[in-house]
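Participant: Can you look at this prediction? I've put the sequence above it.
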Amino acid sequence: MFELLREGLPLFFNFQAILLTCLGVVGGLFIGVLPGLGPLMGIVLLLPVAFHMPAIPAMGMLIAVYIGGSAGGSISAILLRIPGTPLAAATLFDGYPMAQKGRAQDAVGLAVSASAVGGLIGGLVLVFLSPLLAKFALRFAPPEYFGMAVLGVLTIALVSEGSAIKGLLVGGFGLFLSMIGTDEFTNAYRFTFDDIRLSSGPNLVAVVVGLFALSELFFQIESRGFKNKPVVERLIVSFSALGILLRHRFNLLRSALIGTFFGAIPGAGGDVSAFISYATAKKLAKPEDGYGEGAEGGVVATEAANNGCCGGALIPTLSLGIPGDASTAVLMGALILLGFFPGPDLFRDHPDVAGGVFISYLMGNVFLLILGTLLAPFFGSVLKLPKAWLLPAVLLLSTLGVYSLENSVFDLWVMLAFGIIGYILRRASYPLAPMIIGMILGGVMEANLRRSLLISRDGLMIFVERPISAIILLIDLALLISIVYSTIRSSKKPVDVKADDLA
């Protein structure tokens, strides 16, 4: 573990990497503060920029956006009673009442500092646990990699918002997208419609930007309210919240570990960990603490958990190549585009890059504590920006970013197509993340399935003859059965019909 950090030090501690990580934190806070956007949107918008950079400065910037965006939603939750991200929904319970009592400054400072320290605790678990998981995964051969890729798609589909079957269908569409292009085994073109521009498949960045950024843009336009300007309380720079945070150190540690645990479960999400952490803190608190009425411990519990979740979500992403959530799925795609595939090979063949990513995450949380506190007044003012200014900026950044990758107008059409697809899917309550994960893991799944069959003497028996592969496939089968069972069970639930509906 310490060897990884030592090898990563030269890659991170240079002017470019440090500057981009700082800018990533600021950008993440900016986009996290704005209701309806969040860290995923920030990562998606900066993905084309990162494509032209060295690995560690690029990943430092994107990870910092992830960290800052996860914390930024608490500011709008506290000041406006509108969570900037789903992660900050639980912060409403005590953050907004604190602001109503004239303690908005303390609430925002406490949210930022708890997020930063919770993220650091999650980062320490990430640094210790990821190499151990990766070391175990070095025993994997093609059958095990195939099983893990299937597990990644099934897990995200199972915990996606709404129906698990819908998540599975979207993940299956992502698997289909991964097959478009040139077959690496035979060099034959597949599903390209004789268009040479699809010989490498649809551009991942164009798909991601269209699916998330453009579809969100369509939703924001549909909701209108372009010139609305909310009234926001003025904030000042103060580090006094650190003293308050120390009074809740046990709550802080417990909540950060809860967040890290749930973050490490692919797809569980920071919003789940924040609510569970809040419920735990409330149950263990004294009646006079006044949870739900502006309790400091409530803000600490939710914010430490949702940023601790970031470190947890990176554990399976980096060590096993299974994204912990939608944001880490895009981060995984960024690392692949930069030439480094997450998993045990990353730790074995590129320990300096793995160490650089760890340091980027840890330092991103340090910068969050400093910059989040210093720039709190600015981010409070950001909430006054009308939608009429922000939406054209998002569209411009999306278009320029995708076009700059290969100077290809075709990529812009791909972005637009997936923007429309993303909008239609969201209108029908289909999750989007499984598509990206299916697209990323589809190539891994197919290649390792075919390699397994090429080296097997007994056909499909290779998948059950190897103990680790058999265990992984049993888990895959159990997840698939649970998806089918939950779908059948929900379809048999009686539908309440009111007399008014029959009239």
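Facilitator: All right, it came through fine. What you see is a predicted model, and the numbers here were worked out from it, not measured in a lab. Residues are numbered from 1 along each chain as shown.

Participant: hang on, G119 packs against L368?
Facilitator: Yes: using CB atoms under 8 Å, G119 is in contact with L368, at 6.8 Å. For every residue, glycine as well, the C-beta is placed using N, CA and C.

Participant: In terms of packing, which of these two has more residues around it?
Facilitator: Shown here are G119 and L368; by other CB atoms under 10 Å, G119 has more neighbours (34 against 30).

Participant: The more buried one and G259, how far apart?
Facilitator: Applying CB to CB, to the nearest Å, the value for G119 to G259 is 9 Å.

Participant: who touches both of these two?
Facilitator: Shared contacts of G119 and G259, defined by CB atoms under 8 Å, 6 or more residues apart in numbering, comprise N307, G308.

Participant: that older thread, residues shared between the contacts of G119 and L368?
Facilitator: Joint contacts of G119 and L368 (CB under 8 Å, 6+ apart) are I67, A71.

Participant: How many residues are close by K282?
Facilitator: 17.

Participant: which residues touch it?
Facilitator: K282 makes contact with Y291, G292, G298, A301 under the criterion CB under 8 Å, 6+ apart.

Participant: and the third one, how many neighbours?
Facilitator: Spelled out, that is G298. The number of residues packed near G298 is 31, by other CB under 10 Å.

Participant: Excluding sequence neighbours, find me the nearest residue to L314.
Facilitator: In space, L314 comes closest to L126 once its chain neighbours are excluded; the distance is 5.4 Å by CB to CB, 6 or more residues apart in numbering.

Participant: downstream neighbour of the helix of greatest length in the chain in the secondary structure list?
Facilitator: Longest helix in the chain, counting residues (DSSP state H): helix 104-137. As assigned by DSSP states H and E, the chain's next helix or strand after helix 104-137 is helix 142-159.

Participant: So which bits of the following helix or strand past that next one are buried?
Facilitator: Following helix 142-159 in sequence order, the next helix or strand is helix 164-179 (DSSP H and E). Neighbour counts over helix 164-179 (16 or more other CB atoms under 10 Å) mark 164-175, 177-178 as buried.

Participant: What helices and strands are in contact with helix 164-179?
Facilitator: Under the contact definition 3 or more CB pairs under 8 Å, 6 or more residues apart in numbering; DSSP states H and E, helix 164-179 sits against helix 142-159, helix 433-455, helix 467-491.

Participant: can you redo the ones you listed as a markdown table with mean pLDDT?
Facilitator: Formatted as a markdown table, the helices and strands packed on helix 164-179 follow (pLDDT from 0 to 100):
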| stretch | mean pLDDT |
| --- | --- |
| helix 142-159 | 76 |
| helix 433-455 | 83 |
| helix 467-491 | 80 |
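
Participant: who wins for proximity to P54 among those?
Facilitator: Closest to P54 of the helices and strands packed on helix 164-179, according to CB to CB: helix 433-455, at 21.6 Å.

Participant: So which elements touch the closest one?
Facilitator: helix 142-159, helix 164-179, helix 204-208, helix 326-337, helix 462-465.

Participant: orientation of the longest one relative to helix 433-455 in degrees?
Facilitator: Right, helix 142-159. 160 degrees (axes from the mean of the first three to the mean of the last three CA atoms, to 10 degrees).

Participant: Centre of the chain to helix 142-159, how far?
Facilitator: The chain centroid and the centroid of helix 142-159 are separated by 18 Å under CA atoms, centre = their mean, to the nearest Å.

Participant: quick one: buried residues of the longest helix of the chain?
Facilitator: Buried residues in helix 104-137 (16+ other CB under 10 Å): 104-127, 129-131, 133-134, 137.

Participant: what comes up buried for stretch 64-77?
Facilitator: 64-77.

Participant: Just to be sure, which of these are found in helices?
Facilitator: Using DSSP H, the subset of the buried residues of stretch 64-77 located in helices is 64-77.

Participant: Redo those as TSV? Include pLDDT.
Facilitator: Putting these into TSV (pLDDT from 0 to 100) gives the following:
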residue	pLDDT
A64	93
V65	93
Y66	91
I67	91
G68	89
G69	86
S70	84
A71	83
G72	81
G73	79
S74	82
I75	81
S76	77
A77	78
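
Participant: I'd like the next helix or strand past the one helix or strand L79 maps to.
Facilitator: Following DSSP H and E, one finds L79 within helix 55-80. Downstream of helix 55-80, the first helix or strand assigned by DSSP H and E is helix 92-100.

Participant: Outside of that following helix itself, list whatever touches it.
Facilitator: Helix 92-100 has contacts (CB under 8 Å, 6+ apart) with 74, 77-79, 81, 83, 104, 106-107, 111, 233, 278, 291-299, 302.

Participant: same deal with stretch 463-482?
Facilitator: So stretch 463-482 is contacted by 139-141, 143-144, 146-148, 150-151, 154-155, 158, 164, 452, 458, 462 (CB under 8 Å, 6+ apart).

Participant: 6 Å instead?
Facilitator: P143, E144, G147, V150, L151, L154, L158 (CB atoms under 6 Å, 6 or more residues apart in numbering).

Participant: The second one and A428, how far apart?
Facilitator: E144 sits 35 Å away from A428 when distances are taken as CB to CB.

Participant: between the two, who's got more neighbours?
Facilitator: E144 (22 against 9).

Participant: residues contacting that one?
Facilitator: With CB under 6 Å, 6+ apart, E144 has these contacts: I468, S469.

Participant: now it: how far from L453?
Facilitator: For E144 relative to L453 (CB to CB), the value is 14 Å.

Participant: now M179
Facilitator: In terms of CB to CB, M179 sits 17 Å off from L453.

Participant: With V150 instead?
Facilitator: Taking CB to CB as the measure, V150 falls 15 Å from L453.

Participant: the more surrounded of those two?
Facilitator: Taking other CB under 10 Å, V150 and L453 do not tie; V150 has more neighbours (23 against 15).

Participant: ok, for that one, nearest residue in space, not its chain neighbours?
Facilitator: D476 (4.9 Å).

Participant: Quick one: neighbours of that neighbour, just the number.
Facilitator: Neighbours of D476 (other CB under 10 Å): 20.

Participant: Kindly report the same for L400.
Facilitator: Residues near L400, counting by other CB under 10 Å: 11.

Participant: Now it. Nearest residue, chain neighbours left out?
Facilitator: Nearest to L400 is P48, by CB to CB, 6+ apart, at 7.9 Å.
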